[in-house]
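K.L.:
quick check, what structure comes out for this input:
(one chain, ligands or ions: 2)
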Amino acid sequence: RPHHFLDLNQLSKSDLRAIIDDGIALKKARTGLPKGTTDKQAPLAGLTLAAIFEFPSTRTRVSFDMAMRQLGGHTIVLNSNDMQLGRGETIADTARVLSRYVDAIMIRTDEHAKLLELAENATVPVINGLTNNSHPCQLMADVMTFEEHRGPIKDKVVAWCGDGNNMVTSWIHAAGQFGFEFRVACPEELSPDPAALAWAKEAGANVHVTQSAAEAAADANCIVADTWVSMGDDAANRHNLLSPYQVDDALMARAASDAIFMHCLPAHRGEEATAEVMDGPQSVIFDEAENRLHAQKAVLRWCLGA
Ligand code: CP
Ligand code: NVA
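P.N.:
Ligands and ions are numbered 1, 2, ... in the order given. You can find the predicted model right below:
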């Protein structure tokens, strides 16, 4: 079976640690190099990634393409509406066909089951570039970013305020795999995926769910927010449900004095977090965006064994 990167709970702890460390090393090795140049070693020379998008993207699209370029390879970006996939060709046949042309496939899709079907039928590695259920590539960048700013994430406390969405599933997996405490503050109606919580229980992960943002934030080392309306969501009633979870200066003040603020972006200032927090001194949101590039280079190398 190819080295698929589907969810953080599917990889070993040691592989995840090695990928983060490789991402940090790859970032250091590029100091001073122009963005468009190839890394000194070009481990993916001659290799091609197909990147399929069923949803919009800025970071995932550009960071995967630049990652492949810097590693010496190429990317074919495919919008599903421009593919036969958009007019009924099956995911399984798409996987079989693309596997004859390219060396790896990344997909962003509205249904997690489609990711799994793609992986089941591909003979090359498949990477989860976000589904309705999870966003593991973002978590690799986020763990890397936390550690760059505050050292090892093990035994630290991360508090999530808002919708119990796809990012929360991947944070739950990360908490179990990297050994930190993860507190989710969310309205009951928007609770995290029960399967992710069940996995956390079985894996002995330190994960807690509360309806109080103040309780989750107390003495935390990191506060995380995300959009109130994810791609594919119906926006109705979400603003009402989620406004008590807005991250503002008062909530940040409840966290540890050196707490950082994280957000995977895109940001909605004045909704999930105030502009003061989003653009304030504790915010590391653009470091997270940059680290998508470095962390994914390490993910690609792991997938392709290069
Ligand atoms: N954070 C993230 O995945 O951004 P995009 O939707 O722009 O790819
Ligand atoms: N939860 C958000 C993340 C965007 C990167 C969404 O799914 O739209």
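K.L.:
show me this protein divided up by domain.
P.N.:
Here the domain parsing of the chain from automatic domain parsing is 8-134+291-304, 136-288.
K.L.:
would JSON lines of the ones you listed with distance to P2 be doable?
P.N.:
Where you see a C-beta, it was placed from the backbone N, CA and C, and this is true even at glycine. Output for those, formatted as JSON lines (distance: least, Cβ to Cβ, whole Å):
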{"stretch": "domain 8-134+291-304", "distance to P2": "4"}
{"stretch": "domain 136-288", "distance to P2": "16"}
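K.L.:
and the residue in the chain that ligand 2 sits nearest to, how many neighbours?
P.N.:
At 3.3 Å from ligand 2, S230 is the closest residue in the chain, using Cβ to the nearest ligand atom. Counted by other Cβ atoms under 10 Å, the residues lying close to S230 total 17.
K.L.:
tell me how far it lies from ligand 1.
P.N.:
10 Å (Cβ to the nearest ligand atom, to the nearest Å).
K.L.:
ok, now L47?
P.N.:
Distance of L47 to ligand 1, computed by Cβ to the nearest ligand atom: 22 Å.
K.L.:
do I have it right that F261 meets A275?
P.N.:
No - with contact defined as Cβ atoms under 8 Å, F261 does not count as touching A275 (12.0 Å).
K.L.:
higher neighbour count, these two?
P.N.:
Using other Cβ under 10 Å, the more surrounded residue of F261 and A275 is F261, with 22 against 11.
K.L.:
run through the bridge partners of that one.
P.N.:
The partner list for F261 in beta bridges (DSSP bridges) reads I223, S283.
K.L.:
run through who's touching stretch 48-64.
P.N.:
Residues from elsewhere that reach stretch 48-64, judged by Cβ atoms under 8 Å, 6 or more residues apart in numbering: 65, 68, 73-80, 83, 85, 94, 98, 101-110, 114, 129-130, 137, 231-232, 265-266, 289, 292-293, 296, 300.
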